[in-house]
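Asks: Based on what follows, work out the 3D shape:
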Amino acid sequence: MDQLEELKALLLSEDRAELEKLKRAIDERLSDARLRTEQVASILPAALVLSADTDPALARALAVPVSDGLKRSIEKEPKYYGDILYPVLAPAIRQAISQAMSSLLATVQRTLESTTTASGISLRIKSLTSGVPYAE
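Replies: Numbering: from 1, shown residues only. Take a look at the predicted model:
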């Protein structure tokens, strides 16, 4: 048996040395956080694109932290984000205000027309004499 062990040692000693060398290199790489971070950073953009195309799980997993980060960022720098959103929101706000004002003016116009016509005045007089509110 000694000769067999000696033969194995002779034949495999280089392979064992190479394996030990590779094991040490792997251990060093795994223990070096900066190196691992650089390696992940180099493939992360492509991995995100690939994952977005094939599996929505990553998007679901990132939704909450990204949303929280954006919320904190907006709270920290509201003016910055306001300046970014102003060109988009200002026309929409202007249009909403314009529509609300048009609707208000139309309502006021209808009310004025109904109260200043002969039938409108007649209804008001009947309302006063009967005690029933004009609105009913």
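
Asks: Can you spell out which helices and strands pack onto the longest helix along the chain?
Replies: Ranked by number of residues, the top helix in the chain under DSSP state H is helix 78-116. Identification of packing neighbours for helix 78-116 by 3 or more Cβ pairs under 8 Å, 6 or more residues apart in numbering; DSSP states H and E yields helix 118-130. In short, each C-beta sits where N, CA and C put it, glycine included.

Asks: 6 Å instead?
Replies: Applying 3 or more Cβ pairs under 6 Å, 6 or more residues apart in numbering; DSSP states H and E, one finds that helix 78-116 contacts no other helix or strand.

Asks: Relative to the whole chain's centre, how far out is the host helix or strand of S42?
Replies: Secondary structure from DSSP states H and E places S42 in helix 33-54. Remark: helix 33-54 is offset 20 Å from the chain centroid, using Cα atoms, centre = their mean, to the nearest Å.

Asks: Looking at stretch 98-117 now, give me its mean pLDDT.
Replies: Average pLDDT, stretch 98-117: 88.

Asks: ugh, wrong one, I meant stretch 43-61
Replies: Mean pLDDT, computed over stretch 43-61, is 87.

Asks: Keeping just the C-alphas, turn it into PDB.
Replies: Extracted C-alpha coordinates of stretch 43-61, given in PDB (Å, rounded to 0.1, in the frame of the first residue of the first chain):
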ATOM      1  CA  ILE A  43     -22.400  42.800 -14.300                       C
ATOM      2  CA  LEU A  44     -25.300  44.300 -12.300                       C
ATOM      3  CA  PRO A  45     -26.700  46.600 -15.100                       C
ATOM      4  CA  ALA A  46     -26.900  43.700 -17.600                       C
ATOM      5  CA  ALA A  47     -28.300  41.400 -14.900                       C
ATOM      6  CA  LEU A  48     -31.000  44.000 -14.100                       C
ATOM      7  CA  VAL A  49     -32.000  44.400 -17.800                       C
ATOM      8  CA  LEU A  50     -32.100  40.600 -18.300                       C
ATOM      9  CA  SER A  51     -34.100  40.100 -15.200                       C
ATOM     10  CA  ALA A  52     -36.600  42.800 -16.100                       C
ATOM     11  CA  ASP A  53     -37.200  41.100 -19.500                       C
ATOM     12  CA  THR A  54     -37.600  37.600 -18.100                       C
ATOM     13  CA  ASP A  55     -38.900  37.800 -14.500                       C
ATOM     14  CA  PRO A  56     -40.900  40.500 -12.700                       C
ATOM     15  CA  ALA A  57     -39.700  39.200  -9.300                       C
ATOM     16  CA  LEU A  58     -36.800  41.600  -9.200                       C
ATOM     17  CA  ALA A  59     -39.000  44.600 -10.000                       C
ATOM     18  CA  ARG A  60     -41.300  43.500  -7.100                       C
ATOM     19  CA  ALA A  61     -38.400  43.100  -4.800                       C
END
